[in-house]
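Chemist: Any chance you can model this:
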Amino acid sequence: MTTNETVFSLPTSKEKPATNGKVILVGAGPGDPDLLTVKALRCIQQADVIVYDRLVSNEIVELFPHHCEHIFVGKEAGNHCVPQADINQILVTQALSGKLVVRLKGGDPFIFGRGGEELEALLPFNIPFEVVPGITAASGCAAYSGIPLTHRDHAQSVQFITGHLKEGKDQIDWSSLARTNHTLVFYMGLNQSHVIRHKLSAYGMSLATPIAIVERGTSSQQRVHTGDLAHLESLAKEAASPALIVIGSVTTLTHNLNWFQAKQELETQSYPKVHQYQSPRKVS
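Modeler: Next up is the predicted model:
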């Protein structure tokens, strides 16, 4: 944790300053700092305040400039460090104090990131905002695992589904998910692996369907657990969060295409790291 990092400090002043601030909603990608976009890095370097959550990797946090305030609002299933309403208030208050606020989220902020909700909270205050997309976890983690989400011999479509399923509030069309020639990616699904297995099999998906769980994808701690739908629960117990569940025959390709694991084993790095790049252009 950096020296000028704030675990949680809810600003109280709501007076509108002479100079308005701005909020930039930025996707940090799945974890590897080399997967940050050039614009994302530029926004981070020029921010007055960075509001970030636990899915932003430590390697990316190390890129935060020392001149800005760091506000950690991390949350995970069943444990919200800062409630969503308070996060919205932080963004509003910091921007109204005239600061350039970067709201940094893991992956892409518009894919299961509540980015839209946070921007809607800015509207009543006429706070200007921008969105910088990031590489979503499904794309980044699958690529680093050698799992093409679509493949002419395996899957002609792919679907992203939230794994935050609640009893009595299941709005997922499981019958459409259980079809063949289709790849499913469940975000945040480890704790609901038993529901996922039961629902998919109940609607006709074979228990022999190949699956993979990508744990801590794109990081040096990445692990890929493979098996079939029948063993999803046991595989989920072996994996640590954050993790993605990928279901479909494309997952079998990881055994031959997992370039990242091979690279880790060889420990070769022939390209410059992201922190070596300079970003002189100002964020407009």
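
Chemist: What residues of the helix ranked longest in the chain count as buried?
Modeler: Counting residues, the longest helix found in the chain (DSSP state H) is helix 84-96. Neighbour counts over helix 84-96 (16 or more other Cβ atoms under 10 Å) mark 87-96 as buried. In this view, the C-beta of every residue, glycine as well, is placed from N, C-alpha and C.

Chemist: With stretch 123-143 instead?
Modeler: Here stretch 123-143 shows 127, 129, 131-143 as buried, counting by 16+ other Cβ under 10 Å.

Chemist: among these, which are in helices?
Modeler: When the buried residues of stretch 123-143 are checked against helices (DSSP H), the matches are 137-143.

Chemist: Poorly predicted segments of the stretch 1-150 of the chain, please.
Modeler: By pLDDT under 70, the weakly predicted segments of the stretch 1-150 of the chain are 1-19, 75-80.

Chemist: try 80
Modeler: 1-19, 75-81 (pLDDT under 80).

Chemist: in it, which spans are strands?
Modeler: 5-6, 22-27, 49-52, 69-72, 75-76, 79-80, 100-105, 129-132 (DSSP state E, counting those that start in this stretch).

Chemist: again with the stretch 151-284 of the chain
Modeler: Secondary structure of the stretch 151-284 of the chain (DSSP E, counting those that start in this stretch): strands at 158-162, 183-187, 210-215, 223-228, 243-247.

Chemist: Of the buried residues of stretch 123-143, which is the nearest to W174?
Modeler: A138 (19.1 Å; Cβ to Cβ).

Chemist: so the closest one makes contact with L244?
Modeler: Yes. With contact defined as Cβ atoms under 8 Å, A138 reaches L244; the gap is 6.3 Å.

Chemist: Between these two, which contacts overlap?
Modeler: Here A138 and L244 have 185, 187 as joint contacts, going by Cβ atoms under 8 Å, 6 or more residues apart in numbering.

Chemist: Which pLDDT value does the model give I172?
Modeler: Looking at I172, its pLDDT reads 89.

Chemist: just to revisit the earlier point, would you check the distance separating the longest helix of the chain from the middle of the chain?
Modeler: Centroid separation for helix 84-96 versus its chain: 21 Å, with Cα atoms, centre = their mean, to the nearest Å.

Chemist: Counting by contacts, list what it packs against.
Modeler: strand 22-27, strand 49-52, strand 100-105, helix 115-120 (3 or more Cβ pairs under 8 Å, 6 or more residues apart in numbering; DSSP states H and E).

Chemist: Could you export the ones you listed to TSV, including columns for mean neighbour count?
Modeler: Output for the helices and strands packed on helix 84-96, formatted as TSV (neighbours: other Cβ atoms under 10 Å):
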stretch	mean neighbour count
strand 22-27	24
strand 49-52	23
strand 100-105	26
helix 115-120	16
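
Chemist: Of these, which is nearest T251?
Modeler: That would be strand 22-27 among the helices and strands packed on helix 84-96, by Cβ to Cβ, at 24.8 Å.

Chemist: quick one: the closest one to strand 100-105, angle?
Modeler: Orientation of strand 22-27 against strand 100-105 (axes from the mean of the first three to the mean of the last three Cα atoms, to 10 degrees) gives an angle of 20 degrees.
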